[in-house]
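> sequence unknown, structure follows:
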């Protein structure tokens, strides 16, 4: 399990210490996803949740993930996205604009909203994955398209 932020790994460690890994061995490492310190073809699968939109060099990060995957390996990314339904999209955009009032965390919410708006929609992210070399790229909308699970394979 890796993260760029040591504090997030501290949270993970506390959960592991509480037994949440159910006996499965887990290693923790601070890793910059834009410069992954592992050999080519090291992993069968890479998963990421709500992380790629925060990377300044997304294309570089995707290329790095492609590099460290074994042939036949899969990348699975859960990320905020764009609801395809116009009414849902309107409501979501209103929430992103005014949610800072609801959450009471203006600075954190403003960052979240900006990062979501700056991230490509489902088709745009699919193109990014293909440009990084991935094939068989597919996505499934979740929560009415507010987020999407993208799966891409290295052939």
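That came through, no problem. Computed from a predicted model, the values in this text were never measured in an experiment. Numbers count the residues shown, from 1 in each chain.
> C-alpha only now, for contacts and for neighbours.
OK.
> what confidence value was assigned to residue 47?
Looking at residue 47, its pLDDT is 96.
> ok, it touching residue 69?
No - contact criterion C-alpha atoms under 8 Å: residue 47 and residue 69 do not qualify, at 11.2 Å.
> how about the strands in this protein?
2-3, 29-30, 43-49, 69-80, 135-142, 147-153 (DSSP state E).
> in the fifth one, what counts as buried?
I take that to be strand 135-142. Going by neighbour count (16 or more other C-alpha atoms under 10 Å), the buried part of strand 135-142 is 135, 137-139, 141.
> can you check the longest one too?
Buried positions in strand 69-80, judged by neighbour count with 16+ other C-alpha under 10 Å: 69-70, 73-80.
> just checking, what's the longest helix in this structure?
In the chain, with assignment by DSSP state H, the single longest helix is helix 86-103.
> which non-adjacent residue is nearest residue 135?
residue 153 (5.3 Å; C-alpha to C-alpha, 6 or more residues apart in numbering).
> quick check: that neighbour vs residue 71, distance?
To residue 71, residue 153 is 8 Å away according to C-alpha to C-alpha, to the nearest Å.
> also residue 136?
For residue 136, the distance to residue 71 - C-alpha to C-alpha - is 13 Å.
> just residue 99 next, same as before
From residue 99 to residue 71 the distance is 42 Å (C-alpha to C-alpha).
> can you check residue 95 too?
Residue 95 sits 41 Å away from residue 71, going by C-alpha to C-alpha.
> can you list contacts of stretch 147-155?
66, 69-83, 122, 126, 129, 133-142 (C-alpha atoms under 8 Å, 6 or more residues apart in numbering).
> please disregard the earlier target; I meant stretch 9-23.
Contacts for stretch 9-23 (C-alpha under 8 Å, 6+ apart): 2-3, 28-30.
> which among those residues count as buried?
The neighbour-count criterion (16+ other C-alpha under 10 Å) marks 2-3 among the contacts of stretch 9-23 as buried.
> neighbours of residue 111, how many?
13 (other C-alpha atoms under 10 Å).
> before we move on, what about the one 4 residues further on?
Using other C-alpha under 10 Å, residue 115 is surrounded by 14 other residues.
> show me what contacts it?
53-54.
> turn the strands of the chain into JSON lines, columns for distance to residue 60.
Formatted as JSON lines, these follow (distance: least, C-alpha to C-alpha, whole Å):
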{"stretch": "strand 2-3", "distance to residue 60": "16"}
{"stretch": "strand 29-30", "distance to residue 60": "18"}
{"stretch": "strand 43-49", "distance to residue 60": "15"}
{"stretch": "strand 69-80", "distance to residue 60": "14"}
{"stretch": "strand 135-142", "distance to residue 60": "17"}
{"stretch": "strand 147-153", "distance to residue 60": "16"}
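> appreciated, that's everything.
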